[in-house]
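A.B. asks: predicted structure and sequence below. I'll ask about it afterward.
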Amino acid sequence: MLALRRGRNMLETGQTDAPVVPVLATKAEADALKEDLDDLVASECPLCGDLMIRSVDRPFIADTEIELVASWQL
């Protein structure tokens, strides 16, 4: 996350010579970023987490997709 923050700060301050994708300076930064991403991915089960519980009342097929579903018929 440190590298992403640094890249955002570079863009906000107008340093146009800075790379758009910041380069990680150390292995420790890379490891910290990997750990942050792992925490985000592992924070909630995609099948039974809060997002799925909140969307349980939504249909699998939206009203706007009815024509698409009809095209699947054999």
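C.D. replies: Yes, it's here.

A.B. asks: other SSEs contacting the longest helix seen in the chain?
C.D. replies: Using DSSP state H, we find that the single longest helix of the chain is helix 27-42. With contacts taken as 3 or more C-beta pairs under 8 Å, 6 or more residues apart in numbering; DSSP states H and E, helix 27-42 sits against helix 2-12. Every C-beta, even on glycine, is put in place using the N, C-alpha and C of the backbone.

A.B. asks: which ones are touching Leu51?
C.D. replies: By C-beta atoms under 8 Å, 6 or more residues apart in numbering, Leu51 lies in contact with Glu44.

A.B. asks: alpha carbons of the strand or helix carrying it, in CSV - could you do that?
C.D. replies: According to DSSP states H and E, Leu51 maps onto helix 50-54. The C-alpha coordinates for helix 50-54 follow below in CSV (Å, rounded to 0.1, in the frame of the first residue of the first chain):
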residue,chain,number,x,y,z
ASP,A,50,-21.7,-10.0,3.8
LEU,A,51,-21.9,-9.1,0.1
MET,A,52,-23.8,-12.3,-0.7
ILE,A,53,-26.1,-11.9,2.3
ARG,A,54,-27.0,-8.3,1.4
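
A.B. asks: give the burial count for Leu33, as a bare number.
C.D. replies: 15 (other C-beta atoms under 10 Å).

A.B. asks: now the helix holding Leu51: buried residues?
C.D. replies: Along helix 50-54, not one residue counts as buried under the neighbour rule (16 or more other C-beta atoms under 10 Å).

A.B. asks: start to end distance for stretch 36-48?
C.D. replies: Terminal residues of stretch 36-48 are spaced 22 Å apart (C-alpha to C-alpha, to the nearest Å).

A.B. asks: same thing with stretch 41-54?
C.D. replies: End-to-end span of stretch 41-54 (C-alpha to C-alpha): 18 Å.

A.B. asks: same deal with stretch 53-71?
C.D. replies: 30 Å.

A.B. asks: average pLDDT across that stretch?
C.D. replies: Stretch 53-71 shows a mean pLDDT of 89 in the predicted model.

A.B. asks: any buried residues in the longest helix of the chain, and which?
C.D. replies: The neighbour-count check on helix 27-42 (16+ other C-beta under 10 Å) flags Glu29 as buried.
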